[in-house]
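**Q** coords please:
(4 chains)
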Number of protein chains: 4
Amino acid sequence: MALQGNRFHKSVGIEFVELHEDGATMRLEVAEGHLNGAGVVHGGVTFTLADSALGYGIYKFVGKPCTTAEMKINYLKPVSSGVLTARSYILRAGRRLVVARAEVCCGDERIAEVLSTFAILG
Amino acid sequence: MALQGNRFHKSVGIEFVELHEDGATMRLEVAEGHLNGAGVVHGGVTFTLADSALGYGIYKFVGKPCTTAEMKINYLKPVSSGVLTARSYILRAGRRLVVARAEVCCGDERIAEVLSTFAILG
Amino acid sequence: MALQGNRFHKSVGIEFVELHEDGATMRLEVAEGHLNGAGVVHGGVTFTLADSALGYGIYKFVGKPCTTAEMKINYLKPVSSGVLTARSYILRAGRRLVVARAEVCCGDERIAEVLSTFAILG
Amino acid sequence: MALQGNRFHKSVGIEFVELHEDGATMRLEVAEGHLNGAGVVHGGVTFTLADSALGYGIYKFVGKPCTTAEMKINYLKPVSSGVLTARSYILRAGRRLVVARAEVCCGDERIAEVLSTFAILG
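**A** Residues are numbered from 1 along each chain as shown, chains lettered A, B, ... in the order given. Okay, the predicted model is just below:
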């Protein structure tokens, strides 16, 4: 589902890496088009990468379509090149809501931390 | 600054609308490339639009470069077409931190609410 | 419901002020027991006041028991005395989730801004 | 500092457990006064416990007074008795801002997850 038809993910350049028992890992190679006016990766890129790792991990875990209800991101360090990876961790999956966190790294360094709620549809 | 050189804003299709005393308004025409696998606007698009209204409004208000320290978004309603506008409201501008909220609308309907902290650089 | 049996609200000293079409207002007189080690009102007090305005406004609006799924608070200004009021505003009430924001003021001055998701029970 | 003079912590019944390299652990025995109208621990209690683990861990780590700039909490499971522990983890400590997360548990079970920004004073 989420992976194939997602045009925005494609246009941002997000790629699937790995599915885990409790989440998923996605990656992104930083390109010129990801940068903001200050020459660093735009916060919206990092957010979208984390959202993809969260959404896909949760979708595979609960086996039903789900949608981001809310998401909070803290930026820890600006980056301007390299490969970004986002790894999601499901903290609690209820009947209707799933809470998960995600870490975004550039190489070994954590560059953002995310905490989010997804709603299970249908 | 933020407006001209921002490649990610350009690639997402964000346009400046208006500067206010306490914030800014930005807009975006929904296109195919903004949609996710469920056929609705990807949360990362809405987030990026809100971030641009926040970042530009705060930059013009404080007169110094600033960066998103953290941001939280609640999605209120999915949309699949139309024009999205984001309006930011500065709640408090200190020497180092600025707190602001933003509303994202599609026509008359609010589709997302945002609360965020920016750090003033230098 | 929420008002009468809520022992923590009582022990914190929260009082009902007014019900609105889209939320509620609660108040609190700052006392010595609310202060932290720096002599200002503890963030947990401000959070609890906002939560009460959100929870009660949402409960009266939807007519069903509900619970805080998640809540984010930004502190705008420290205070050490006076009367605090929290006013909640419901942004969207769905079948299962309600999104609302709240403003906490001390006199005329806004001291905190809150954005939250509640889950409707049953 | 934070520990001795904090009247609200005392009135809530928060106790220091342990200092770690990257955070702190605090605890709380659930009592009648912590419950809300539904008979479960009030979200403000859980929030305050997490805030104390974050604040104290960060204060000892940076060696300077600091204050909660913003905090987000996701509730994972309601509890009505037992001992709650909060463990904070510092994710990044800059010159002016510290980002940290915290886990709140009741026994082995995680009941809340927190993500927060603190500002270093002076």
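
**Q** Could you use CA atoms for every contact and neighbour count after this?
**A** Noted.

**Q** per-residue pLDDT, A:Gly122?
**A** A:Gly122 carries a pLDDT value of 74.

**Q** what about it, how many neighbours?
**A** Applying the criterion other Cα atoms under 10 Å in any protein chain shown, we find 7 residues in the vicinity of A:Gly122.

**Q** three-state assignment of it?
**A** Three-state assignment for A:Gly122 (DSSP: H, G, I helix; E, B strand; the rest coil): coil.

**Q** need the contact list for it.
**A** A:64-65 (Cα atoms under 8 Å, 6 or more residues apart in numbering or on different chains).

**Q** Skipping adjacent residues, who's closest to the residue nearest the centre of chain A in space?
**A** Centroid-nearest residue in chain A, with Cα atoms, centre = their mean: A:Ala50, separated by 1.7 Å. Spatial nearest neighbour of A:Ala50, excluding adjacent residues (Cα to Cα, 6 or more residues apart in numbering or on different chains): A:Ala86 at 5.4 Å.

**Q** wait, is the one you found part of a strand?
**A** Yes - per three-state DSSP, A:Ala86 lies within a strand segment.

**Q** how close does it sit to A:Gly23?
**A** Note on A:Ala86: its distance to A:Gly23, by Cα to Cα, to the nearest Å, is 10 Å.

**Q** what's the burial count for A:Gly82?
**A** Neighbours around A:Gly82, by other Cα under 10 Å: 12.

**Q** Count the neighbours of the nearest residue to it once chain neighbours are set aside for me.
**A** Nearest residue to A:Gly82, sequence neighbours excluded (Cα to Cα, 6+ apart): A:Val30, at 5.6 Å. Using other Cα under 10 Å, A:Val30 has 20 other residues around it.

**Q** on that earlier part again, between the helix or strand that contains the residue nearest to the centre of chain A and helix B:43-62, how big is the angle?
**A** Following DSSP states H and E, one finds A:Ala50 within helix A:43-62. Helix A:43-62 runs at 150 degrees relative to helix B:43-62, counting by axes from the mean of the first three to the mean of the last three Cα atoms, to 10 degrees.

**Q** Partner strands of the next helix or strand after helix A:43-62, with direction?
**A** As assigned by DSSP H and E, the chain's next helix or strand after helix A:43-62 is strand A:66-75. In the sheet, strand A:66-75 lines up against strand A:109-120 (antiparallel), strand B:66-75 (antiparallel) (DSSP bridges).

**Q** Mind listing what's buried along the first one?
**A** When you say that, I think you mean strand A:109-120. Of the residues in strand A:109-120, A:110-120 count as buried by neighbour count, 16 or more other Cα atoms under 10 Å in any protein chain shown.

**Q** same check, this time on stretch A:25-38
**A** So, applying 16+ other Cα under 10 Å, buried residues of stretch A:25-38: A:25-28, A:30, A:33-38.

**Q** Using a markdown table, lay out those residues together with secondary structure.
**A** What follows is the buried residues of stretch A:25-38, written out as a markdown table (three-state DSSP):
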| residue | secondary structure |
| --- | --- |
| A:Thr25 | strand |
| A:Met26 | strand |
| A:Arg27 | strand |
| A:Leu28 | strand |
| A:Val30 | coil |
| A:Gly33 | helix |
| A:His34 | helix |
| A:Leu35 | strand |
| A:Asn36 | coil |
| A:Gly37 | coil |
| A:Ala38 | coil |
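
**Q** Thanks a lot, catch you later.
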